[in-house]
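Trainee: Generate coordinates for the sequence data below:
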Amino acid sequence: MTTQPSQNAGNKIDTRSAKTLSTLDKNFASALEKSWPDITGDAQKDGYSIIAITGRRSQAEQDALYAQGRTTPGPIVTWTKHSRHLDGLGVDFGLFRGGYYKDDTEPMQTFNTYQKIAIIVCDDHPQIRWLGAIGDPCHFEWRV
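Mentor: As a prediction, the model looks like this:
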């Protein structure tokens with residue numbers, strides 16, 4: 001996966017992340033926007049740009065992701081048909097370097113970066129939960 005993420009100059013939210021955050025529950029989006037300087041700062045310290053790549057999704061989109069690796073080609077990427085993404089309460093980030101998605105090619109390094117982000121963001125906003133400890137390091141969700 002390639003993209004041309006912004007370098008988050010001045011820790012401003014890039015266009016794709018802003019669009020993704022706009023699909024989320026308003027309280028969740030607001031908390032992430034407040035934490036954006038920390039999110040981008042930790043990513044940049046480790047040599048990455050970060051983008052919020054997936055927010056709210058439809059049931060049809062979730063069903064298609066669930067089918068992947070089971071009844072359709074591709075790797076398994078989700079374990080549920082009932083994701084928090086359906087209600088705008090889940091977000092997936094991607095870490096990029098040089099325009100290339102690095103979560104798959106640098107799993108330990110990206111895990112460590114997500115963990116640093118989680119420590120700060122979840123401490124500042126206890127309603128945010130990081131799913132890295134259960135195998136989904138790019139996923140954060142809002143507890144209601």
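Trainee: And the longest helix along the chain, what does it pack against?
Mentor: As assigned by DSSP state H, the longest helix anywhere in the chain is helix 26-45. In terms of contacts (3 or more CB pairs under 8 Å, 6 or more residues apart in numbering; DSSP states H and E), helix 26-45 is packed against helix 15-21, strand 49-54, strand 90-97, helix 107-124, strand 128-130, strand 139-142. Every residue, glycine included, has its C-beta placed from N, CA and C.
Trainee: Redo the ones you listed as JSON lines? Include distance to residue 74, mean pLDDT and mean neighbour count.
Mentor: Output for the helices and strands packed on helix 26-45, formatted as JSON lines (distance: least, CB to CB, whole Å; pLDDT from 0 to 100; neighbours: other CB atoms under 10 Å):
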{"stretch": "helix 15-21", "distance to residue 74": "22", "mean pLDDT": "97", "mean neighbour count": "17"}
{"stretch": "strand 49-54", "distance to residue 74": "16", "mean pLDDT": "97", "mean neighbour count": "22"}
{"stretch": "strand 90-97", "distance to residue 74": "16", "mean pLDDT": "97", "mean neighbour count": "23"}
{"stretch": "helix 107-124", "distance to residue 74": "18", "mean pLDDT": "96", "mean neighbour count": "17"}
{"stretch": "strand 128-130", "distance to residue 74": "25", "mean pLDDT": "97", "mean neighbour count": "19"}
{"stretch": "strand 139-142", "distance to residue 74": "18", "mean pLDDT": "98", "mean neighbour count": "23"}
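Trainee: want to try JSON lines for those, with distance to residue 32 as columns?
Mentor: Output for the helices and strands packed on helix 26-45, formatted as JSON lines (distance: least, CB to CB, whole Å):
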{"stretch": "helix 15-21", "distance to residue 32": "6"}
{"stretch": "strand 49-54", "distance to residue 32": "7"}
{"stretch": "strand 90-97", "distance to residue 32": "7"}
{"stretch": "helix 107-124", "distance to residue 32": "8"}
{"stretch": "strand 128-130", "distance to residue 32": "8"}
{"stretch": "strand 139-142", "distance to residue 32": "8"}
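Trainee: Many thanks, I have nothing further to ask.
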